[in-house]
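Student: The following block contains a protein sequence and its predicted model.
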Protein chains: 2
Amino acid sequence: MLSVPYPSPVPPTPSEQRPSLRERKRARTRQALVEAAADLFTRNGYDATTVADIAAAADIGTRTFFSHFTSKEEVLFPEVDQRVGAAIEAIAARGPADGPVDVLARALRHPAVAASDDLVGPLATLRLQLIRTVPAVRGRALQLQQDAQREIARHLHAAYPEELDEVGAAALVGAFVGAVGGALDALLDGGEPALAPDDVRERLSRAITVALTPWLHRPGS
Amino acid sequence: MLSVPYPSPVPPTPSEQRPSLRERKRARTRQALVEAAADLFTRNGYDATTVADIAAAADIGTRTFFSHFTSKEEVLFPEVDQRVGAAIEAIAARGPADGPVDVLARALRHPAVAASDDLVGPLATLRLQLIRTVPAVRGRALQLQQDAQREIARHLHAAYPEELDEVGAAALVGAFVGAVGGALDALLDGGEPALAPDDVRERLSRAITVALTPWLHRPGS
DNA sequence: TGCAAATTTGCATCGAGTGCGAGTACGGTC
DNA sequence: GACCGTACTCGCACTCGATGCAAATTTGCA
């Protein structure tokens, strides 16, 4: 549960300062949208909630919603960047004795599958449930996961330029994420539509164990 | 083109006979939509082509499009079922000496990653290009891939009930598909937006080799 | 020939998402 | 503290994907 220092949006980036009033205000609005959306999705369902509803609940013009999020689904994935960042940090913080597999295994323990977990906050449970029930949300989650994979693969290759070429790194990361994702999917399959955070946490841990066992005994590649 | 004496069973799918006139007609219409869509997407681009355009080009009412395909993206994936079917066949046709890994490796050689390849027909190249450039199409492709994974995992578990439990099978399939997908993604990364079928075929083959190498030497799980 | 089921299609409607342009708030300056 | 450039807000009009509904047409079959 590492916290990233500053969100630093797009503007000139006050290279190491407290965000300006304007930025704080914008962040607050954004947060209000996320919370309003979570509340409405929970109470009325995803499809039954319109963007206009969300904006109204956050006391914001409908049009403004789309200046914070490019689509309705996006509001469910507010902190993707930080997750990928955590995985990349894990790669950077590797020990001299660690091989690619070790590093990846450790990286997955923290930020995990990039979109299916994150058991923190009120969004987490809701998000997981919507991923499993709303096609549009699932599609978006899978896209973000793929983006994260690409990013991680790039860094992994950079960390082990001699052992892993770009394709090999991509294959390895894909195998890891695919294995954990598949296992988690199977484990979640039996559960209720709305799973308790602790239950999810437990199952995720089990999924990672199952998925990684084949590797931990013999370093692939 | 031989005609078979028909005992005329039930309306829903004469499961092993020549399709009825109604069904043939419907299939023809469907095919016309696919071809019209492919043509328009190629010439004008995906976003610039509306569903109404497609329907008009196929000389069909706009509303009817949605009785054949549930969404605009769907028209790019007309034969998913057959692909998954091929993979499942490969599992069913396994030899006595084959382990799960062998079977999967063979299954992937034929229908492959379910959505990123299929190098046959005029749709293939176009589809691959659109998957890489249009978010909506990519999202849909990833969903179909995940569905296929689930299905294959279920069958693999059924084929090896003792060696693989459900979660293990899902993890294994996820690892395979993830590895191939990741490798293919990396290999395609350098290429042009529109890749020649032969090029894609060659790269896919290479991706599978790279992805599967770690397993081929020692059966995981 | 005639009826029941399936298909096609037009029409109305909803909601996501975008371009445009005016209004408003903020940041930095003199 | 007033001033101006810039970023953010937000209403309006509009396009397009998608769905419900019901009438018209076609096919299957007795």
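Tutor: In hand now; what should we look at?

Student: Could you chop chain A up by domain?
Tutor: What automatic domain parsing lists as the domains of chain A is A:21-70, A:80-217.

Student: looking at those domains, which is closest to B:H68?
Tutor: With CB to CB as the criterion, B:H68 lies closest to domain A:80-217 of the domains of chain A, at 18.2 Å. C-beta coordinates here come from the backbone N, C-alpha and C atoms, glycine included.

Student: Would you tell me whether that closest one gets close to DNA strand D?
Tutor: No - Domain A:80-217 does not reach DNA strand D (CB under 7 Å from any atom of the strand); its nearest approach is 9.1 Å.

Student: thinking in terms of the whole chain, how far from its middle is that domain?
Tutor: Centre-to-centre, domain A:80-217 and its host chain are 8 Å apart (CA atoms, centre = their mean, to the nearest Å).

Student: Next one: A:H157 from A:G178, what distance?
Tutor: Distance of A:H157 to A:G178, given as CB to CB, to the nearest Å: 18 Å.

Student: quick one: which of the two has more around it?
Tutor: Taking neighbours as other CB atoms under 10 Å in any protein chain shown, A:H157 and A:G178 compare with A:G178 leading, 31 against 21.

Student: tell me which element that one is part of?
Tutor: Here A:G178, judged by DSSP states H and E, is contained in helix A:166-189.

Student: Just the angle for that helix relative to helix B:166-189, thanks.
Tutor: Per axes from the mean of the first three to the mean of the last three CA atoms, to 10 degrees, the angle that helix A:166-189 makes with helix B:166-189 is 150 degrees.

Student: hang on, the earlier thing: deepest in the core, which of the domains of chain A is it.
Tutor: domain A:80-217 (a mean of 20; mean count of other CB atoms under 10 Å in any protein chain shown).

Student: wait, does that one make contact with chain B?
Tutor: Yes - against chain B, domain A:80-217 shows contacts by CB under 8 Å from any CB of the partner chain at A:135-136, A:138-140, A:142-143, A:146, A:149-150, A:153, A:166-183, A:185-187, A:206-207, A:210-211, A:213-215.

Student: Quick check: A:I208 touching A:V180?
Tutor: Yes - because the distance of 5.5 Å satisfies CB atoms under 8 Å, A:I208 is recorded as touching A:V180.

Student: For chain A, which helix or strand comes out least confident on mean pLDDT?
Tutor: Using mean pLDDT, DSSP states H and E, helix A:197-217 stands out as the lowest-scoring helix or strand of chain A, at a mean of 72.

Student: Mind exporting the C-alpha coordinates of that helix to CSV?
Tutor: Extracted in CSV, the C-alpha atoms of helix A:197-217 (Å, rounded to 0.1, in the frame of the first residue of the first chain):
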residue,chain,number,x,y,z
PRO,A,197,-13.0,-7.6,0.3
ASP,A,198,-11.4,-10.2,2.6
ASP,A,199,-12.7,-13.0,0.5
VAL,A,200,-11.4,-11.4,-2.7
ARG,A,201,-8.0,-10.8,-1.0
GLU,A,202,-7.8,-14.4,0.1
ARG,A,203,-8.8,-15.7,-3.4
LEU,A,204,-6.3,-13.4,-5.1
SER,A,205,-3.5,-14.6,-2.9
ARG,A,206,-4.5,-18.2,-3.7
ALA,A,207,-4.6,-17.4,-7.4
ILE,A,208,-1.1,-16.0,-7.4
THR,A,209,0.2,-19.0,-5.6
VAL,A,210,-1.4,-21.4,-8.0
ALA,A,211,-0.4,-19.4,-11.0
LEU,A,212,3.2,-18.9,-9.9
THR,A,213,4.0,-22.4,-8.6
PRO,A,214,5.3,-23.7,-11.8
TRP,A,215,7.8,-20.9,-12.1
LEU,A,216,9.0,-20.6,-8.6
HIS,A,217,10.6,-24.0,-8.8
